[in-house]
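Enquirer: For reference, the sequence and a predicted model appear below.
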Amino acid sequence: MNKQQTKEKMQELINKINHYAHAYYVQDQSIIPDGEYDALFHELLALEAEHPDLVDSHSPTKRVGAEPLDAFEKVEHEIPMLSLGNAFDAEELKDFHRRVTSGLEVEEVTYVCELKIDGLAVSLTYDNGQLLQGATRGDGQIGEEITSNLRTVKSLPLSIAETGRLEVRGEAFMPEASFEQLNKEREAAGETVFANPRNAAAGSLRQLDPKIAANRNLDIFLYGYGTWEIENIRSHSARLEKLSSLGFKVNQEWRKCTTIEEVIAYVEEWTEKRLNLAYDIDGIVIKVDNIDQQEQLGFTARTPRWATAYKFPAMEAVTTLEDVELSVGRTGVVTPTAVLAPVFIDGSTVSRATLHNADQIRALDVRIGDTVILKKAGDIIPKVVRVIEEERNGEEVPYEMPETCPACETTLVHLDEEVALRCMNPNCPAQLQERLIHFVSRDAMNIDGLGEKVVAQLYEASLVESMDDLYRLKEEELLPLERMGEKSVNNLLQAIEASKENSLEKLLFGLGIRHIGAKAAQILASHFETMEAIQQATYEKLVTVDEIGEKMADAVVQYFREEKVTHLIEQLRSLGLNMTYTGPRTTNEADESAIFSNKTVVLTGKLEQFTRREVKEIIESQGGKVTGSVSSNTDLVIAGEAAGSKYNAAVELNITIWNEVDLEAALEGVTS
């Protein structure tokens, strides 16, 4: 490129970055994947390094973050809240290490590695132990005063045992559970859902009404401080420990690393483990531990030289939607799937993604030929989350869901004002195979050796077209099939035979009744005890069963009204399948002799002599109820090793706490 072309290219990049940054930081809208934004930013940095005479004084590389909203009072940070430089692989981490050791003229440095929470950076000022002010990072120099909203974060102390003036810094975020609940509520109210927890947290803290923030169940991790009039701690790790001792919530996954190899190992560890967390992280922050060394290294115009942020491989990507295909599930739901130009994302190549339903297609305004943003989270099926409308050229074709089933051409219908389209043909071939796969699954009849591929084999060979056909299979029919040796066939037939003895709830769940999951099946089976009693149960009887709602009751009644269902149950009974409940018996709640009669129990920590399932079954068989969280309604907490926050909550609420010895003593002579 000549000089003019280079200048035009730089201006184009500046315009794009400013547009995306304004949407992300000011409007809380992420309209481009992080990886795409980072690539544009690095491209601009490279051009500016090559052509310093062409650098625009208003380039986004010259500022740290975003402008504050005018609706909030502006706050000037005493010490700027700078952003961090980025590293994207092990080599770039080693380059960072070389710059650090060279700048300090040493061979080795101790680092602190921390999880990079994906939320909103905030500053909190305490004066003589009282929370005085809270602010966003803003542009790094000036932020937005959001004290009232931050006061609603329950994990943030409003007072601390410390005199003088202290400014601490951290990341406010929305846990995954809070995010899912919030989006459910917004969807039910007809409101636009948040794209991710980071946007939800930022949007919550930028509400003028603190009541809204209070209802969003936000959380916060503190990771350092800007100024402290009294304390003079000269290592970052000691500062984290001090913050914890003052009652601040500090993420406990941080680790001191004495070599860059240990840093890389920590990064690799959390690249694998990050999806198991109850909150989002988007990388790892690496800081020189020694404060004197930090000060010696100093800062560039926009970032500290003593810290960097490793960014995880992108879990979002941009690709082209080439077509939409339809699949039919076991309950008849027709699901649209996007066929995409293959794109590499989070370690694998993706060419298909879910579009959920017709309403989602309309909400996204998806068209064949669109440039779309794809998101992937662990083992969850990738999904199309946004269309980049700016990339449209007019040749894109709007997509409309069909009126008939793609497998059997039966007219599709909506049920109970559901969003989903359903095929109601009970003989639809697509549904039959999916029903069989569900019937043999672990939580249902649990027939070992009958995976999806084997079920497909049996179906394609016309050996199985209904659930009862499984129990008529013969050795001579199976042996000719591919990968079906004599030993495999014998093992399979034995597993099928053994499944006949399953307790009723397994069969009930395996039937695939709408709204009846494994837990509801267990509740119904233990209450009615026989298949015949469930078949004859009225709607009025069903809704009196604890935890069985109106939709469940109606689904059960509708299911057993079908003549084909009656025929199926008769066939399974004649083939020798157990039709009674043989699981743990629930003691009558009025029986005061039952150990846990009418008691609500919480299990926490690791037990040595029992599994969680065993204890839960025993408690329920003795009239009790097991819940997942401690509250004023909890009667008893049974705590094993590393009991954690639930144990602490029980102590605060003065709830009776048993250890494993107490449990064993109480259960002496009792069996489930």
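Expert: Looks like it came in fine.
Enquirer: Quick one: the helices in the stretch 151-300 of the chain, in order.
Expert: For the stretch 151-300 of the chain, the helices defined by DSSP state H, counting those that start in this stretch cover 176-188, 197-205, 210-214, 236-245, 260-273, 291-297.
Enquirer: Other residues contacting the fourth one?
Expert: So the one you mean is helix 236-245. Helix 236-245 is contacted by residues 112, 168, 222-225, 231, 233, 250, 254, 256, 287-291, 294 when judged by C-beta atoms under 8 Å, 6 or more residues apart in numbering. The C-beta positions use only the backbone N, C-alpha and C, and glycine is treated the same way.
Enquirer: Do a quick rundown of the helices in the stretch 501-650 of the chain.
Expert: Going by DSSP H, counting those that start in this stretch, the stretch 501-650 of the chain shows helices at 504-510, 518-528, 531-536, 539-543, 550-561, 563-574, 612-621, 645-652.
Enquirer: Check the ones you listed for me and report the most buried one.
Expert: helix 504-510 (a mean of 24; mean count of other C-beta atoms under 10 Å).
Enquirer: Skipping adjacent residues, who's closest to the residue positioned nearest the centre of the chain in space?
Expert: In the chain, the C-alpha nearest the mean C-alpha coordinate belongs to residue 176, at 5.5 Å (C-alpha atoms, centre = their mean). Leaving aside its chain neighbours, residue 176 sits nearest to residue 278 (5.5 Å; criterion: C-beta to C-beta, 6 or more residues apart in numbering).
Enquirer: Torsion angles phi and psi at the one you found?
Expert: Reported as degrees, to the nearest 10, the phi and psi values for residue 278 are phi -90, psi 10.
Enquirer: number of nearby residues for it?
Expert: 9 (other C-beta atoms under 10 Å).
Enquirer: Same question for residue 495.
Expert: So residue 495, with other C-beta under 10 Å, has 16 neighbours.
Enquirer: what's near enough to touch it?
Expert: Residue 495 touches 447, 448, 449, 450, counting by C-beta under 8 Å, 6+ apart.
Enquirer: Could you pull up phi and psi at the first one?
Expert: Residue 447 adopts backbone torsions of phi -90, psi 100, taken as degrees, to the nearest 10.
Enquirer: wait, isn't it in contact with residue 499?
Expert: Yes. Judged on C-beta atoms under 8 Å, residue 447 makes contact with residue 499 at a distance of 5.1 Å.
Enquirer: Let me see the contact set for residue 325.
Expert: By C-beta under 8 Å, 6+ apart, the neighbours of residue 325 are 336, 337, 339.
Enquirer: Per-residue confidence, the residue nearest to residue 579 when sequence neighbours are not counted, what does it come out as?
Expert: Using C-beta to C-beta, 6+ apart and skipping the chain neighbours, the partner closest in space to residue 579 is residue 531 (4.0 Å). Note on residue 531: pLDDT of 97.
Enquirer: Now for residue 531: which residues touch it?
Expert: Residue 531 touches 504, 507, 508, 569, 573, 579, 580, counting by C-beta under 8 Å, 6+ apart.
Enquirer: next one: residue 583
Expert: 503, 505, 522, 525, 526, 617.
Enquirer: Now do it against residue 521, distance only.
Expert: Using C-beta to C-beta, to the nearest Å, residue 583 is found at 11 Å from residue 521.
Enquirer: Identify the contacts common to the two.
Expert: Contacts common to residue 583 and residue 521, judged by C-beta under 8 Å, 6+ apart, are residue 505.
Enquirer: Report the residue spans of the stretch 501-650 of the chain with pLDDT below the cut-off.
Expert: 585-593, 628 (pLDDT under 70).
Enquirer: Kindly state the beta-bridge partners for the residue nearest to residue 300 when sequence neighbours are not counted.
Expert: Nearest non-adjacent residue to residue 300, counting by C-beta to C-beta, 6+ apart: residue 85, 8.0 Å away. Counting by DSSP bridges, residue 85 is bridged to residue 308.
Enquirer: all strands of the stretch 251-400 of the chain, in order?
Expert: Ranges of strands within the stretch 251-400 of the chain are 255-257, 281-288, 307-311, 316-328, 333-345, 348-354, 367-368, 371-375, 383-387, 397-398, based on DSSP state E, counting those that start in this stretch.
Enquirer: Turn these into a markdown table, columns for mean pLDDT and distance to residue 610.
Expert: Listed next are the strands of the stretch 251-400 of the chain as a markdown table, based on pLDDT from 0 to 100; distance: least, C-beta to C-beta, whole Å:
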| stretch | mean pLDDT | distance to residue 610 |
| --- | --- | --- |
| strand 255-257 | 97 | 33 |
| strand 281-288 | 95 | 33 |
| strand 307-311 | 94 | 41 |
| strand 316-328 | 91 | 42 |
| strand 333-345 | 90 | 39 |
| strand 348-354 | 85 | 39 |
| strand 367-368 | 96 | 56 |
| strand 371-375 | 90 | 40 |
| strand 383-387 | 88 | 39 |
| strand 397-398 | 94 | 58 |
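Enquirer: any idea of the pLDDT on the closest residue to residue 103 other than its chain neighbours?
Expert: Once flanking residues are discounted, residue 103 sits nearest to residue 297: 5.1 Å by C-beta to C-beta, 6+ apart. Model confidence at residue 297, expressed as pLDDT, equals 93.
Enquirer: Would you agree residue 664 is in contact with residue 609?
Expert: Yes. When contacts are counted by C-beta under 8 Å, residue 664 is listed as touching residue 609 (6.7 Å).
Enquirer: between the contacts of residue 325, which is nearest residue 637?
Expert: residue 337 (45.3 Å; C-beta to C-beta).
Enquirer: Tell me the spacing between that closest one and residue 193.
Expert: From residue 337 to residue 193 the distance is 21 Å (C-beta to C-beta).
Enquirer: Of these two, which one has the most company?
Expert: Each of residue 337 and residue 193 has its neighbours counted (other C-beta under 10 Å); residue 337 has more, 17 against 13.
Enquirer: CA atoms only: put the helix ranked longest in the chain into CSV for me.
Expert: Of all segments of type helix in the chain, defined using DSSP state H, the longest is helix 3-21. The C-alpha coordinates for helix 3-21 follow below in CSV (Å, rounded to 0.1, in the frame of the first residue of the first chain):
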residue,chain,number,x,y,z
LYS,A,3,1.0,6.2,2.0
GLN,A,4,-2.5,7.4,1.0
GLN,A,5,-3.9,3.9,0.9
THR,A,6,-2.3,3.1,4.3
LYS,A,7,-3.9,6.3,5.8
GLU,A,8,-7.3,5.3,4.4
LYS,A,9,-6.9,1.8,5.8
MET,A,10,-6.0,3.1,9.2
GLN,A,11,-9.0,5.4,9.2
GLU,A,12,-11.3,2.5,8.2
LEU,A,13,-10.0,0.5,11.1
ILE,A,14,-10.5,3.4,13.5
ASN,A,15,-14.1,3.9,12.4
LYS,A,16,-14.9,0.2,12.8
ILE,A,17,-13.2,-0.1,16.2
ASN,A,18,-14.9,3.1,17.5
HIS,A,19,-18.2,1.8,16.3
TYR,A,20,-17.9,-1.6,18.0
ALA,A,21,-16.3,-0.1,21.1
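Enquirer: buried ones in it?
Expert: 7, 9, 10, 13, 14, 16, 17, 20, 21 (16 or more other C-beta atoms under 10 Å).
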